[in-house]
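Novice: Please work out how this folds:
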Amino acid sequence: MKKFFAFIALAAALVSTSCNKWLDINTNPNYIAEADMSMLLPTVQLMTADKVGYELSLYGSFWAQYVVQCSTTNQYYTVMTYDVTNSTFTGPWSYFYASILPRIKEIIEKAEQAGDASNYILEAKSMLVYTLYLLTSLYDEVAYTEGYVTESQTPHFDSGKDMQAIIIALCEEIRAMDAQKAAQDEIMNVTASADMVFGGDTDAWFQFVNTLYLKVLLRDFSANSSKISALLAEDNFLAEDASFDNFQDQADKSNPFYESDRRQLNTTNNIRCCSDIFGVLDASDPRLTYFYDNNPGGVVTGGAYGTAADPTETSRLALYATEPVYFATVDEAEFLKAEAYARLGNAAQAQAAYEAAIAAAFDRVGAKGAADFIAGAYAFDPGTTEQMVEQIINQKWASQVHGLPWEGWFDLNRTGYPVRGTTITDNHGVLDSGYPQRFIYSKTSADYNPNSPTPVALNVKMWWQK
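Specialist: Model (predicted):
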């Protein structure tokens, strides 16, 4: 069971680590020179949850087309219309590089020196894989070989395809670890009170990595089909959600999205329901009232994507102070399995995983009646590979409104589902053509690193996108 870790202690950990080559600044003598692994690990998890829970949730919610901007406010109008610049994404880029990756590396180094802390190595390397997965999913090229491994101040960047190989290799490195020793080291060198994701459950960490591994392999199915088949045969994926759930309904202690949009802004009406959700979900689906609130006449309603919605006529995106920030979920793992089986031509296994995914998606938000929808409105219809994949990704997309909205955007770009112009709205915002495919490289990277990649437009596709 995960234990609550006081946010004061976590905040202290944010400034307690030693300065190194990652940040060329003077050392503050008032800060603690060294931080223990038990402080560094929750700090990494908290900082990741902060970026994932706010920026990625915000942009994912709009760019996956789950929400629209309110007509009486304008805080996120530029997000909805894709009117962004290279200054827009400085926060996530700097945070991952200057704060998260250095601390991950420090945990691994300290654990390797300790000799009996393979549980910490497992957990830190898993967070490394997740961080690199997010960075390359958002920005494509990533400064790993020189930016992380050698800590160059002016690193060259690894290409997106090279990062794919690096992430796969890291997953395989973790999978090759001695699971029994990791469990024994957990007993001897406990992370239960420090691990804010799985409470020191090393089996769950291996399942998390397997789920990430499958997700990355699916980006190039034809090249990885044999690895995918072997991984499916193991069937050791998430049995519980990978989430940071240590939030309180108090100022500065709540879910990051809720904290920013509902507690700190001068309005709570900004983010309205997008009617695109009804292109996939049945209007009677009970999850809708978890996803959206302030429903006119008690009915969830939405506006077309790209338009500013009247708050008296549309529902609002529901946000919850204590809702977890998810890194991966059980339903996502089952949807990944379903897609993999469909691409392998195994319709029976694809259907079984698809139905398990919908059931898990209902369970995650406390909704009832999944079996009726699985047998009715959402019944699996075996057909061609693409027909199976489309219905799987459509339901996966609809299940990620709350929890993994950025993954909905990633899948929309990777697979083309739900189909724009048919299932959901076709809207280009301020773009001449195309849709947002990536975050733009940070202005600070371009200004201070002569080896930073040439700026790429928002609508330029990455190698793995359809």
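Novice: got the end-to-end distance for stretch 175-193?
Specialist: End-to-end distance of stretch 175-193 (C-alpha to C-alpha, to the nearest Å): 24 Å.
Novice: How far off centre is that stretch?
Specialist: What separates the centre of stretch 175-193 from the centre of its chain is 25 Å, taken as C-alpha atoms, centre = their mean, to the nearest Å.
Novice: Tell me which residues are up against it.
Specialist: 3, 5, 37-38, 41, 114, 116-123, 199-200, 202-203, 205-206, 209-210, 213 (C-beta atoms under 8 Å, 6 or more residues apart in numbering). C-betas here are computed from N, CA, C, even on glycine.
Novice: Please apply the same query to stretch 135-145.
Specialist: Counting by C-beta under 8 Å, 6+ apart, 56, 89, 92-93, 96-97, 132, 152, 155-160, 163-164, 166-167, 410, 438-439, 441, 453, 456, 462-463 sit against stretch 135-145.
Novice: Stretch 238-245 now?
Specialist: Contact with stretch 238-245 is made by 2, 45-46, 48-49, 53, 196-198, 204, 207-208, 210-211, 322, 324-330, 332-333, 364, as judged by C-beta under 8 Å, 6+ apart.
Novice: Pull out the buried residues from that stretch.
Specialist: The neighbour-count check on stretch 238-245 (16 or more other C-beta atoms under 10 Å) flags 238, 241-245 as buried.
Novice: Show me those residues that map onto strands.
Specialist: Within the buried residues of stretch 238-245, residues falling in strands by DSSP state E are 242-244.
Novice: Out of those, which comes closest to L317?
Specialist: S243 (19.0 Å; C-beta to C-beta).
Novice: partner residues bridging the closest one?
Specialist: Beta bridges link S243 to Y326 when assigned by DSSP bridges.
Novice: Quick check, pLDDT for it.
Specialist: At S243, the model reports a pLDDT of 98.
Novice: One more: the one 5 residues further on?
Specialist: Model confidence at Q248, expressed as pLDDT, equals 96.
Novice: next one: D447
Specialist: At D447, the pLDDT value in this model is 85.
Novice: Wait, a helix at it?
Specialist: Yes. Applying DSSP: H, G, I helix; E, B strand; the rest coil, one finds D447 inside a helix.
Novice: Show me how far the longest helix seen in the chain is from its chain's centre.
Specialist: The helix that spans the most residues within the chain, counting by DSSP state H, is helix 118-139. Between the centre of helix 118-139 and the centre of its chain there are 12 Å (C-alpha atoms, centre = their mean).
Novice: cool, stretch 103-123 as well?
Specialist: 24 Å.
Novice: one step back: for PyMOL, write the selection for the buried entries among the contacts of stretch 135-145.
Specialist: The buried residues among the contacts of stretch 135-145 can be selected in PyMOL (16+ other C-beta under 10 Å) with this line:
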select buried, resi 56+89+92+93+96+97+132+155+157+158+160+163+164+166+167+410+438+439+441+453+456+462
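Novice: where along this protein do the strands fall?
Specialist: According to DSSP E, the strands that the chain contains are 67-69, 242-244, 271-273, 292-293, 316-317, 325-328.
Novice: Can you tell me which of those is packed in deepest?
Specialist: Comparing these by mean neighbour count (mean count of other C-beta atoms under 10 Å), strand 67-69 comes out on top with a mean of 29.
Novice: Determine the set of other helices and strands touching it.
Specialist: Applying 3 or more C-beta pairs under 8 Å, 6 or more residues apart in numbering; DSSP states H and E, one finds that strand 67-69 contacts helix 77-80, strand 271-273.
Novice: ok, and what's touching it?
Specialist: Contact partners of strand 67-69, identified using C-beta under 8 Å, 6+ apart, comprise 61-62, 75-77, 79-80, 270-274, 302-309, 314, 317.
Novice: What pairs with that strand, parallel or antiparallel?
Specialist: Strand 67-69 has the following strand partners under DSSP bridges: strand 271-273 (antiparallel).
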